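Asker: just need the structure, nothing else, for what follows:
(2 chains)
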Amino acid sequence: MRRVVITGIGTVNALAQDVPGTFQALREGRCGIGPLGFRDAERLTIRIGAELRDWRPEERFPAKDLPLYDRVTQYALVAGAEAVAMAGLPEGLGPCGGVILGTAAGGIQTWEDSYRAVFAEGKNRVSPLVVPRLMPNAPASHLSIRHGLTGPVLAVSSACASANHAMGLALQQIRAGAADVMLTGGAEAMLCFGGVKAWEGLRVLAPDACRPFSLGRKGMVIGDGAGVLVFEAEDHARARGATVLAEVAGFGMTADAGDIVAPNVAGAVRAMEAALRDAGLSPQEVGYINAHGTGTLANDRAESAAVLQVFGAAAPPVSSTKAMHGHAIGATGALEAIACVQALRAGLLPPTLGFEAADPDCPLDIVPLKARPARVEAVLSNAFAFGGLNAVLAFRRA
Amino acid sequence: MERAEIEAAVIAILAKQLLLSPAEIAPDARIDDLGLDSLGKVEAIFAIEERFGIHVPFNANAPDQPEFDFATVGGVVRDIEALIARGA
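Answerer: Sure thing, here's the model as predicted:
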């Protein structure tokens, strides 16, 4: 079976609009959460999120292309360009290259603007670009167009696990010989009035701060952004002399087949065990887990129980970077994979911000508040989505 | 609005969520004992907000809910009365 490695990464998120800035923010334990600034935000009950500040698409895209791009596509394209440049990918990959990208909501802002026009403003026509902007495969398709990748290209949607599922499928494409190079990860631009209004209805958003695994946590905080990673067959990467950032060692996915929103310990346990098995890792070899860690009562309690069941009392350090970059829903797994690459390469575990006091229901070492130096050989990255869909990736030091 | 009217409306909302007849829900019933799950709870709160034109301060992550007592039917009725009086 072909080994798969990461040769490039790119991101835009609330912490920074590139990888070096994001790494610095993770090192410093900086928080990207702040007051929401979009139209009608004053009508929300929950008014915080991890938005991209000073996002100026007109400076990043030609005026003729921009009308085609919802923000979710803009984020994916900028992250993708950084990842491809870092990987130094050759031109003309064609059918040897593909894209599998996660998104939960696709072009939700485009839906919102279009519906506002026809319902609220009484207009009887909308832009002809509404459909190509809002379709959830738009980010993946534009990445394929931009980089000339004509192999397997599709979008994956599994709510908060979308990016992890996308990366797992990309890994499998390369292992199966369907492609040598895959751009993968996720993109999300949920932070608009209708997007946050919908989440408010579930009563799971925190009004003040994201405090994963901490006593007194009040829920999740939504973030925007994209993470794109270049997955490449190791033989292909070595042959062209590419710098290998980390190995994509394994992937496990399971379904709870239980509740549509409540987490399930058994499903999470099976997904982590499947990822370890696929990677050929023993639990003792894992030096860090990037948790799903949403900051809701239910997730953090169930995830803690699942980690303890898989790893026992000697569980490795576990942190949730969502308190920094927010819960970027269908993109979050990609941001967290990038944090994992930093943990493996720089020997630095990103912290869990927002910690106030230990919760007896979450008896884990959560790396509170400050990044911690630690040499780790392998890490897991968890995603446990609404719908009972669990996706866990294992990465190994290159 | 009379307390009896609020109580009848709350019981009707809970009965719909729980697939029970209103007669099966006593005014002093504990809501968890009725078998309402977490999603059912937020659906019931949404229905209460729509029915009474109020905003109910409820976060599924705050177990003690100091601002709104969702433990018993009577507690819900009292807090709705208070919210209506405050014009919340």
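Asker: tell me the contacts of residue A:81?
Answerer: Residue A:81 is in contact with A:10, A:146, counting by Cβ atoms under 8 Å, 6 or more residues apart in numbering or on different chains. From N, CA and C alone the C-beta is placed, and that goes for glycine too.
Asker: tally of neighbours for residue 68?
Answerer: Reading this off chain A. Residue A:68: 15 surrounding residues under other Cβ atoms under 10 Å in any protein chain shown.
Asker: chain B is the one I meant
Answerer: For residue B:68, the tally of surrounding residues (other Cβ under 10 Å) stands at 18.
Asker: for residue A:131, same thing?
Answerer: By the criterion of other Cβ under 10 Å, residue A:131 has 13 neighbours.
Asker: for stretch A:175-189, what is the distance to the chain centroid?
Answerer: The chain centre lies 13 Å from the centre of stretch A:175-189; the measure is Cα atoms, centre = their mean, to the nearest Å.
Asker: just the buried residues of that stretch, please?
Answerer: Residues A:175, A:179-189 are the ones in stretch A:175-189 that count as buried (16 or more other Cβ atoms under 10 Å in any protein chain shown).
Asker: equivalent analysis for stretch A:55-68, please.
Answerer: Applying 16+ other Cβ under 10 Å to stretch A:55-68 flags A:55, A:60-61 as buried.
Asker: just those that are near chain B?
Answerer: Contacts with chain B are made by none of the buried residues of stretch A:55-68, judged by Cβ under 8 Å from any Cβ of the partner chain.
Asker: could the residues you listed go into TSV alongside secondary structure?
Answerer: Listed next are the buried residues of stretch A:55-68 as TSV, based on DSSP: H, G, I helix; E, B strand; the rest coil:
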residue	secondary structure
A:55	coil
A:60	coil
A:61	coil
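Asker: between those, which is nearest chain B?
Answerer: Of all the buried residues of stretch A:55-68, chain B sits closest to residue A:55, with 29.4 Å by Cβ to the nearest Cβ.
Asker: check the closest one and give its pLDDT.
Answerer: In this prediction, residue A:55 carries a pLDDT score of 98.
Asker: in the chain, where is pLDDT below threshold?
Answerer: Defaulting to chain A. Under the criterion pLDDT under 70, no range of chain A is flagged.
Asker: could you do chain B instead?
Answerer: In chain B, residues with pLDDT under 70: B:64-66, B:88.
Asker: get me the contact residues on it for chain A.
Answerer: For chain B, the residues in contact with chain A (Cβ under 8 Å from any Cβ) are B:37-39, B:42, B:45-46, B:55, B:58-63.
Asker: now for those: which two are most distant?
Answerer: Farthest-apart pair in the residues of chain B next to chain A is B:37 and B:55; separation 22.8 Å (Cβ to Cβ).
Asker: which one's more surrounded, these two?
Answerer: Higher neighbour count among residue B:37 and residue B:55: residue B:37, with 14 against 10, using other Cβ under 10 Å.
Asker: and that one, how far from residue A:255?
Answerer: Per Cβ to Cβ, to the nearest Å, residue B:37 is found 19 Å from residue A:255.
Asker: surely residue A:368 meets residue A:356?
Answerer: No. Judged on Cβ atoms under 8 Å, residue A:368 makes no contact with residue A:356 at a distance of 9.2 Å.
Asker: need the overlap of contacts for those two.
Answerer: The contact sets of residue A:368 and residue A:356 overlap at residue A:214 (Cβ under 8 Å, 6+ apart).
Asker: who's more crowded, these two?
Answerer: Taking neighbours as other Cβ under 10 Å, residue A:368 and residue A:356 compare with residue A:368 leading, 19 against 13.
Asker: which residue, neighbours along the chain excluded, lies closest to the more buried one?
Answerer: residue A:355 (3.8 Å; Cβ to Cβ, 6 or more residues apart in numbering or on different chains).
Asker: ditto for residue A:195
Answerer: Excluding the flanking residues, the one nearest residue A:195 by Cβ to Cβ, 6+ apart is residue A:108, at 5.2 Å.
Asker: that neighbour: neighbouring residues, count only.
Answerer: If you count neighbours by other Cβ under 10 Å, residue A:108 ends up with 23.
Asker: could you do residue A:250 as well?
Answerer: 23.
Asker: please save the CA atoms from stretch A:154-170 in CSV.
Answerer: The C-alpha trace of stretch A:154-170 is given here as CSV (Å, rounded to 0.1, in the frame of the first residue of the first chain):
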residue,chain,number,x,y,z
LEU,A,154,-15.8,16.2,-5.1
ALA,A,155,-17.3,17.8,-2.0
VAL,A,156,-17.9,16.0,1.2
SER,A,157,-20.6,17.1,3.7
SER,A,158,-20.8,15.6,7.1
ALA,A,159,-21.4,18.7,9.3
CYS,A,160,-18.6,19.2,11.8
ALA,A,161,-16.6,16.1,10.5
SER,A,162,-16.7,17.2,6.8
ALA,A,163,-13.0,18.1,6.6
ASN,A,164,-11.9,14.9,8.4
HIS,A,165,-14.0,12.8,6.1
ALA,A,166,-12.7,14.6,3.1
MET,A,167,-9.0,14.1,4.2
GLY,A,168,-9.8,10.4,4.9
LEU,A,169,-11.2,9.9,1.5
ALA,A,170,-8.3,11.7,-0.1
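Asker: could you see whether chain B lies near that stretch?
Answerer: No. Residues of stretch A:154-170 contacting chain B under Cβ under 8 Å from any Cβ: none, with a closest distance of 14.8 Å.
Asker: in that stretch, what's buried?
Answerer: Neighbour-count burial for stretch A:154-170 [16+ other Cβ under 10 Å]: A:154-170.
Asker: what helix or strand is the nearest residue to residue A:306 once chain neighbours are set aside on?
Answerer: Once flanking residues are discounted, residue A:306 sits nearest to residue A:268: 3.7 Å by Cβ to Cβ, 6+ apart. Taking DSSP states H and E as the criterion, residue A:268 maps to helix A:265-279.
Asker: what sits up against that helix?
Answerer: A:249-256, A:258, A:282-283, A:286, A:302-303, A:305-307, A:309-310, A:378, A:380, A:382, A:384, A:388, A:390-394, A:396.
Asker: go again using 6 Å as the cut-off
Answerer: By Cβ atoms under 6 Å, 6 or more residues apart in numbering or on different chains, the list of residues contacting helix A:265-279 from outside reads A:249-252, A:254, A:256, A:302, A:305-306, A:309-310, A:384, A:390, A:392, A:394.
Asker: over to stretch A:236-254?
Answerer: When contacts are defined by Cβ under 6 Å, 6+ apart, stretch A:236-254 is touched by residues A:4-7, A:168, A:171, A:180, A:231, A:267, A:270-271, A:274-275, A:278-279, A:341, A:344, A:390-396, A:398.
Asker: swap in stretch A:92-99?
Answerer: Under the criterion Cβ under 6 Å, 6+ apart, residues A:140, A:143-144, A:149-153, A:179-183 lie in contact with stretch A:92-99.
Asker: alpha carbons of that stretch, in CSV - could you do that?
Answerer: Extracted C-alpha coordinates of stretch A:92-99, given in CSV (Å, rounded to 0.1, in the frame of the first residue of the first chain):
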residue,chain,number,x,y,z
GLY,A,92,0.2,19.6,-15.6
LEU,A,93,-0.7,17.0,-12.9
GLY,A,94,-4.0,16.6,-14.8
PRO,A,95,-5.7,13.2,-14.0
CYS,A,96,-3.0,12.3,-11.4
GLY,A,97,-4.3,15.1,-9.2
GLY,A,98,-7.7,15.7,-7.5
VAL,A,99,-9.6,17.6,-4.9
